[in-house]
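Novice: Got a predicted structure here, sequence first:
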Amino acid sequence: MSLRILAAGCVLLFATGALADQPSVQVQPPDLQGSRPLEKQTAAAVVRDYLESWQKFRAALDQNQAALLDPDFVGTARTKLASAIGEQAKLGIHTHYQDESHKLQIVFYSPDGLSIQMIDNVEYDQQVLDRDRVLATQHVKTRYVVVMTPAEVRWKVRVFEATPE
Amino acid sequence: MTLPQTVTAGSAFSVPTSGSGPAVLYIVGPDQALRRDVQLGNPVSIAAGDLYNAGEYLAIIVAGSSSSSGELEVTPAPHPDTLSFLATPSRVPVGLHNGINGAVYVFDAYHNLIVTPMPVSFELSGSSGPSQARTITTSHGVAWTEIDSASKQGSAKFIAQAGGIATTRVIDEVPGDPCGLTISAQPDGAKLRVQTALVRDCSGNPIPDGTIVTFTENYNGAQTTADVPIKKDIAQIDMPAYSGATISVASGVVAGNEIRWGGGR
Amino acid sequence: MKGILLAVVLFIATIGLLVIGTLSPIPTAVYYAGGKSLTRASSTPQDAVENLAVQIRQRSFGDAYGSLANRAEFTEPEFVQDLTGNTLSLRTFATLEDFETQPLHESADDAEMLLKLHWSTVVGPYETTRDLHVVRNGDRWAVDWPLVKAPHVPPQVIPVNYLRWDVIYSGAGDDWGAQDVQAPRIRIVDMRPVNRAEGVVVMGELLNEDIVPAFVGVRATLLSKSGSPIASEGAFDMISHTLLPKQVTPFLIRFPNVDLSQVGSIRMGPISVLVSASADPVVEIENQKYNLDPEASLTGQLSNQSGQTVNIAHVLSTFYDKNGQLVWVAGQYVDRALPPQTPVDFSVQVPEDLAKQISSERTIVATYSSGNSL
Amino acid sequence: MVAVAIHLPLLLMQLPLKSYDTNFHIFFASHYVHHWFNPWNVKWFAGFSQTTYPPLAQQWVAVVSRVLGLNMAYMAVQFAAILLLAVGVYRFALLWVSPRAASIAALAAVLAGSESFLVYSAGQLATTCSAPILLNALPYLYDWLRYGKGRSLLKATVLFAATAAVHHATIIFASMFFALPVLALAWIDREESDETSGSGFAARTVAIVILTAAAIAVVLLPFWIGLFRYPITQTPIPHPSRANYILSPQWGINYFLVPYGALILALPFIIVRGSRVARLRPLMLGFWLCFMIGLGGTTPIGLWLLRRAFDVLTFERFSYWATLLALPILGALVAGLVARFRLKAAVPVAVLAAFTCAMAASWSHYKPADAEDFNVAPVAQWLNRDGHDNYRYVTLGFGNKLSRLAVLTDATSVDGESNSSRMLPELTKYGGGALTDAKYFGTGGLESLRAMLRHADRYGLKWAIVRDPYYEPLLVFAGWRHVDNLDDNTITIWAKDGVPPATPMNTSQMPPPWEGYLWGTLPFGSSILAILVVLIPDKRRRAWREDEATVTPITQETPLSGRLVS
């Protein structure tokens, strides 16, 4: 019940954010695997940190600055994104991502408490630019599987992968 | 440009193109960005291993000032290559129900999470007693289980296996709290040597050396205490020898027996 | 003529101000001069004791020794060792911050004086008291220093059979899923908040449930009735941070200027880290006696059972009432080093208002041995 | 030439780096190098504003460092100050004595023990830079009071403002000792020449006071705002210059014998000469008062006059100012002796002066600020790697290397060397100075250190970098773990587990951007303006000098000086 309230709260919170060029966010009640109960503070922190990671992801891919990823991404996710940024920079292109909506659901909380898996049905616009020249724009609707692991003061994205719906 | 709807990570594929003249093909996604010079009208070949990160990509052909684009989805390779096996705890008391848990994330050779369901087998085998095994099918690329710890102490192998790939963790199954803690005393010069019997847990496992045993001697309103580590299965200490003193023992929250020196037990 | 007069006035003023400044120095000058007042002729027992204290404060041990009446009974190094310890101890680096004297008895030829020395050390202030016999020698008075000779540790061989745990971590880097040793399991087995005049005090006991040593700490956060945090503090040095398997430590956390009536709940945050550690030294706490008079205190001796000198010991005592409920946690640093097999006295003070509730106690000792920190 | 011969080699050897405060000034300068218009410095005290200390000398170091690097830039600015001091003392002395005596005074300034003491032992860049500017302002003050020249008013005002921009204590305290005698002199000279009415003189005095006060208020506006918002309420920190030098002879050597040197022998004669010659009396009285205050706690006069400020100020600078005030009279004395006894006087005086200078310059070798020199680079490298700089640190036993480390590392600390800039209650409540030297401040210092370690979590304080094993017991009992060794195990690193990464602190004290722009513009601008206005030619200068020579009372009242001048 409390998670439903949390979900509703998140929707409200982020729906108001949409007015300020923020994506709309809908958090669905968890459909959990795993024996560990998920506290509402943990769920809220994971959602908050994930949405913040999108902002850093957008900025890093747009500005080709891998260092911007550091506070929010770790492990495979950080390595792959940083590698893509390096390739973009080498090709002289950059990518502007604008996420429009997220539908989030937590699906796994590992019994040791050291990983949380989330599904994000996301819609975003992807615009590839060669310096200031727009090469292409695409509206993308896909599903991300996200694995987050705790760092010292926040959850960081460790797996960030678009998968077939 | 005619794009395949999906390609498998790391596989070779080609993109047929139409028209004529030179152009540039970009394949851009969050995890990878590729560029190929192409001659329009000829197919563009992407070699095996060139596009290996799963995800949504935007493919763009740029010829002069015009461009066309399309979506391309790269899916993980179907065969597992790496298992991220989170097994905890590294030490677990013996005889604990669901005391050991493991979660496995299954990745392909390019560190893409394989989200198609597949069976993962877990097996816990200790130095003594039967092994415990179970098979779990992954959901969104992850499978997990919980297993009881054995009743005998020792190192247990916790193995996760999927698609022929196995990963092993070692779990130390350690004794529980001391059980039936008893002491005895003998005079040792002017002192009293107090020592425990062999310190065991309730399953008969010896309590590891270094575990603290607290001796307390009360005599005539004065108290003498010492926190003594177990060495070679027993703990011992020299205490003042007062006739009529009571000496008790405890370890953590477990209390042992009490003896009276000079006044019988 | 006017000019000469001005010069004379200025000379006189200068000399006058210098005399005033020296004979009646301002507090800052007194502080740097090393005492409450200047050393002066020891024409009274009080002067003699104060002069001695000033010399100790200035660490002029040679002068202090030279002023003693009974200096023939011991050497200057023995006197210095009595003040600073014969091996590294809390005394070694203590500075005498202040002192008090109190006459106990005086006759024409001798006197008894109480000298309270307030020392400042890195771990906090402590106080020592000496009963001094002062004797008249002509028109001067001199102190008979009651030397406490350092216990002589007999030559012996103590078998070294200590237990030690070392930890090998998986190393730096991000190798997710790779196995690492987990932090030790610890548990708060008792906790009680009390209201004191200075604020809220949260005390309790922490147990290392694991089979490996734990480096522990406890933080408490006071939450208001609405759930908002009021204050967050740690146990600092009122806990034994290294806990061997199944060892219990008391802890005490102070929240100055907070009233318990403001507190709705308390969030406890124990932390534990797996560390390399040694089971030694074992310190036996002998002859603990709880005294109500003259002031409530727990006294006893510490006896170092290992072969290694303990330079500084911190005695931490938990006091319970007759129902076994926690009443108070108190600590005391011991200013003398603990040589092997040699008892050293300690005394832990208890607040007078709680003294009568106390029925039993439990004491542990946290230790520091120089050069053993890594 | 003497300044070049003596001080240039010492500065090229970077001798001041061993002093107490040099690294502090370099640290401030290093901030201005990177953040000229943002005085908020996160590296100390979990964040503090550099508007708490006048910036001009440090800003000049920052500017020159673009060419020479920070260390040599400091030396260059210090050298410029020494040269300017010779000029300033000469010009100031000319108000009182003959040109020959003024020349000797200027020479003595270069050799003065207190100058060398402040430059090489104390490292007080701000004091040694501000005094020369003040001295150069005083002749213009005299000129304005005597003759009412508008140019002099402008020059005096601008130079006073520049003095304030370098050092607030100099303008607040030293200006009294220097300006009041000049005011009195102008009044005396006015009476003799009867050029100006009393009311006119008073009006000029009021005018320059108002103008100067306004200029100082504007030039250091963010400083005054900060002082108003956060008045200094911290518990006084002990400083041995407040000791009684008779009762504590070791401090007497440090703060009296070394700075004054052979000048002590001349003190009675300075009093006598200054008393006998009416025109020198204001200067002598100013000197006497400053001298007496400079004795710190040796007399009660400092406490009587300064009250609470006595426990905030340090007194070596008063001895410095007293020396400068004595120099004109000393110049006249020496000039007289040399004129009378020629080489028999000149040689011993020169030897004594050289000895005074040498002793003071080398004092930092005999009584170094740090017992041992060591390299902080490995510590900086450690802090800068592996994310260590996500947390704050505190050093223990680093002395003034604290500032050097802060220049080299990106990590932030809860400690620092600028006592007036501190706002954290753990630092201001107990009467201790920098935490790194906590043990030298007795109970107050150690209480402060314990309070800070107790609140490590609050400040993201994870690292204690220890060079003095004295502190180890505290760290052990307070729950810190030894995690690393550096520099052949002479430096140990201790960590506190469970501390969250450092987050910005004290942001309510952060000056708004407009204050940053003022701070980056006005003080430095005042120095540029001062250079420009001083270049404006002074038409009456030569005539005034001639007047001065003729009215110098020495020539009138003493046969000795009469011979000297003739």
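Specialist: Thanks, I have the structure now.
Novice: Check whether residue A:100 sits in a helix, strand or coil.
Specialist: strand (DSSP: H, G, I helix; E, B strand; the rest coil).
Novice: residues near it, how many?
Specialist: Burial of residue A:100 is recorded as 15 neighbouring residues (other C-beta atoms under 10 Å in any protein chain shown). For the C-beta atoms, the positions are set from N, CA and C on the backbone; glycine is no exception.
Novice: any idea how far it lies from chain B?
Specialist: Distance of residue A:100 to chain B, computed by C-beta to the nearest C-beta, to the nearest Å: 15 Å.
Novice: I'd guessed residue D:290 sits against residue D:175; true?
Specialist: No. Contact criterion C-beta atoms under 8 Å: residue D:290 and residue D:175 do not qualify, at 11.6 Å.
Novice: beta partners for residue B:251?
Specialist: residue B:254 (DSSP bridges).
Novice: Next one, pLDDT for it please.
Specialist: If you check residue B:251, the pLDDT there is 93.
Novice: same thing with residue B:26?
Specialist: Looking at residue B:26, the pLDDT reads 93.
Novice: Same check on residue D:219?
Specialist: At residue D:219, pLDDT is 95.
Novice: Could you give the separation between the terminal residues of stretch B:15-27?
Specialist: In stretch B:15-27, first residue to last residue: 11 Å (C-alpha to C-alpha, to the nearest Å).
Novice: What residues sit buried inside that stretch?
Specialist: B:15, B:17, B:23, B:24, B:25, B:26, B:27 (16 or more other C-beta atoms under 10 Å in any protein chain shown).
Novice: strands paired with the host helix or strand of the third one, and their directions?
Specialist: Residue B:23 is part of strand B:22-28 when elements are defined by DSSP states H and E. Strand B:22-28 has its sheet partners listed here by DSSP bridges as strand B:33-39 (antiparallel), strand B:55-63 (antiparallel).
Novice: could you pull out the helices for the stretch 151-265 of chain B?
Specialist: Counting by DSSP state H, counting those that start in this stretch, the stretch 151-265 of chain B has no helices to list.
Novice: In it, where is pLDDT below threshold?
Specialist: Applying pLDDT under 70 to the stretch 151-265 of chain B flags residues B:263-265.
Novice: how far out from the middle of the chain is stretch D:449-456?
Specialist: 31 Å (C-alpha atoms, centre = their mean, to the nearest Å).
Novice: Also stretch A:54-74?
Specialist: Using C-alpha atoms, centre = their mean, the offset of stretch A:54-74 from its chain centre is 11 Å.
Novice: repeat for stretch A:74-90
Specialist: For stretch A:74-90, the distance to the chain centre is 15 Å (C-alpha atoms, centre = their mean).
Novice: Alpha carbons only: can I get that stretch in PDB?
Specialist: Coordinates of each C-alpha in stretch A:74-90 appear next as PDB, following Å, rounded to 0.1, in the frame of the first residue of the first chain:
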ATOM      1  CA  VAL A  74      29.500   2.700 -12.500                       C
ATOM      2  CA  GLY A  75      30.900  -0.600 -14.000                       C
ATOM      3  CA  THR A  76      29.700  -1.800 -17.300                       C
ATOM      4  CA  ALA A  77      27.200   1.000 -17.900                       C
ATOM      5  CA  ARG A  78      29.900   3.700 -17.300                       C
ATOM      6  CA  THR A  79      32.400   1.900 -19.400                       C
ATOM      7  CA  LYS A  80      30.100   1.500 -22.400                       C
ATOM      8  CA  LEU A  81      28.700   5.000 -22.200                       C
ATOM      9  CA  ALA A  82      32.200   6.500 -21.900                       C
ATOM     10  CA  SER A  83      33.400   4.400 -24.800                       C
ATOM     11  CA  ALA A  84      30.500   5.700 -26.900                       C
ATOM     12  CA  ILE A  85      31.400   9.300 -25.900                       C
ATOM     13  CA  GLY A  86      35.000   8.700 -27.000                       C
ATOM     14  CA  GLU A  87      33.800   7.300 -30.300                       C
ATOM     15  CA  GLN A  88      31.400  10.200 -30.800                       C
ATOM     16  CA  ALA A  89      34.200  12.700 -30.100                       C
ATOM     17  CA  LYS A  90      36.500  10.900 -32.600                       C
END
